[in-house]
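Asker: Whatever this is, show me its structure:
(one chain, ligands or ions: 1)
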Amino acid sequence: MKTRITELFGIEYPIVCGGMLWLATPELCAAISNAGGLGNITACNYDTGEDFRAAIHKARSLTSKPIGINITLLPSMRFTEAIYDDFFRVCAEEKVTAIEVSGKPAVKYLDMLHKAGVKVMHKVGAVRHALNIERYGYDAVIAAGIEEGGHPLNDDVSTMVLLPRIVESVKIPVISTGGIADGRGLAAALCLGAEGVLMATRFIATRECQVHPRIWDELINRQENETALICKSVGLQGRALKNKLVEKILKLESQGATIGELIPLLSGARVQQAWKTGECDDAAFMVGQSIGLVKEVTTCQELIESMVRDARIIMEKNLARI
Ligand SMILES: Cc1cc2nc3c(=O)[nH]c(=O)nc-3n(C[C@H](O)[C@H](O)[C@H](O)COP(=O)(O)O)c2cc1C
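Answerer: I've put the predicted structure just below:
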């Protein structure tokens, strides 16, 4: 499978792991990269640039393949601008393969990153944002549909429409995300003009993702209608697994709660703890509608190989039909 994305990153298959706070660790990153995709280390897992650098070194001790990084530039109480500066500087010094940026555009860092040979992509939820990303000089853009876990743009446009709209609007390669978890999604995204796919939820259900096994059971048992958009009312939309805490958040929002009242319920520490304990009702787990497609726990290699094999079969079958 050769696309501009496999060429750009020097990877075998156009399958990329998205940022996952607390879960996109060096171990998971290396497993995905070793399987021929592009793994991800999420910088915001770490408090300082040097802790983050140590994580890159750890991943490099586990793989010699290209590795990716996520840096999320959303309003944060944990990070100052100086720490973000450190994260980007470390990426340039370590010459990582690629960075997935989300939130605010990383315009001020682009020159430094390109001089270091680092490729930069940005996750967007609208054609107007994709056009800006291309104009700023990014190498690729990620079209994120409303199905995605994490923080989909409050334009609420689905992958099926957003992806071809962005593909027809920019010349840089487009990666599709939001609702993709198997070979069918990979085939569909390629047919709609994507040159790669990015997934997160599906990678949680892999042996190399360090969560409590109860989380895997939960992902397998829950269906596509069991996520909810929270914090839309306070301008911080996120898609989370429906559970007792999420119901409470939605109720508070319907009663006009302020962001200050909601923040204690959304604390990152609470989520970090819950991934480890497997206590599924106590945290706002950011997962996508693609949980409906999660049927089993596999290794990253089994997942990536099966996706590529199934996508090829689907495309050949459909070609034979017409
Ligand atoms: C557990 C989890 C944590 C996430 N954390 C981040 C993050 O820190 N930064 C970010 O840009 N996106 C984050 N996302 C969003 C993903 O990178 C990706 O855009 C999205 O989940 C893709 O949709 P999918 O879950 O259907 O594959 C997260 C997603 C999940 C499932």
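Asker: thought residue 185 was touching residue 191?
Answerer: No - contact criterion CB atoms under 8 Å: residue 185 and residue 191 do not qualify, at 10.7 Å. Glycine gets a C-beta too; all of them are placed from N, C-alpha and C.
Asker: Which of these two has more residues huddled nearby?
Answerer: Under the criterion of other CB atoms under 10 Å, the comparison of residue 185 against residue 191 puts residue 185 first, with 24 against 14.
Asker: what's the distance between that one and residue 314?
Answerer: Here the criterion is CB to CB, to the nearest Å. By it, residue 185 lies 10 Å from residue 314.
Asker: Same question for residue 210.
Answerer: Distance of residue 210 to residue 314, given as CB to CB: 32 Å.
Asker: Please state the backbone phi and psi of the closest residue to residue 139 other than its chain neighbours?
Answerer: Using CB to CB, 6 or more residues apart in numbering and skipping residues adjacent in sequence, the residue nearest residue 139 is residue 119, 4.4 Å away. Dihedral pair for residue 119: phi -90, psi 140, per degrees, to the nearest 10.
Asker: Whatever residue of the stretch 151-300 of the chain ends up closest to the ligand: what's it in contact with?
Answerer: Closest contact between the stretch 151-300 of the chain and the ligand, by CB to the nearest ligand atom, is at residue 288 (2.7 Å). Shown in contact with residue 288 (CB atoms under 8 Å, 6 or more residues apart in numbering): 147-150, 178-179, 200-201, 227, 239.
Asker: Most neighbours among those residues, please name it.
Answerer: Counting neighbours by other CB under 10 Å, the top entry in the contacts of residue 288 is residue 178, with 34 neighbours.
Asker: Wait, it touches residue 152, no?
Answerer: Yes - Residue 178 lies in contact with residue 152 (CB under 8 Å); the separation is 6.9 Å.
Asker: Identify the contacts common to these two.
Answerer: Common contact partners of residue 178 and residue 152 (CB under 8 Å, 6+ apart): 144-146.
Asker: Can you name the residues of the stretch 1-150 of the chain sitting close to the ligand?
Answerer: Taking CB under 6 Å from any ligand atom, the part of the stretch 1-150 of the chain that reaches the ligand is made up of 18-21, 23, 42, 44, 70, 72, 102, 123, 144, 147-150.
Asker: run the last query once more with 5 Å
Answerer: Contact residues (CB under 5 Å from any ligand atom) of the stretch 1-150 of the chain with the ligand: 18-21, 72, 102, 148-150.
Asker: ok, of the residues you listed, which one's closest to residue 216?
Answerer: residue 20 (14.8 Å; CB to CB).
Asker: Quick check: the gap between the spatially closest residue to the closest one that is not a sequence neighbour and residue 99.
Answerer: Counting by CB to CB, 6+ apart, residue 20 lies nearest to residue 200, which is 5.1 Å off, once chain neighbours are set aside. Separation of residue 200 from residue 99 (CB to CB): 16 Å.
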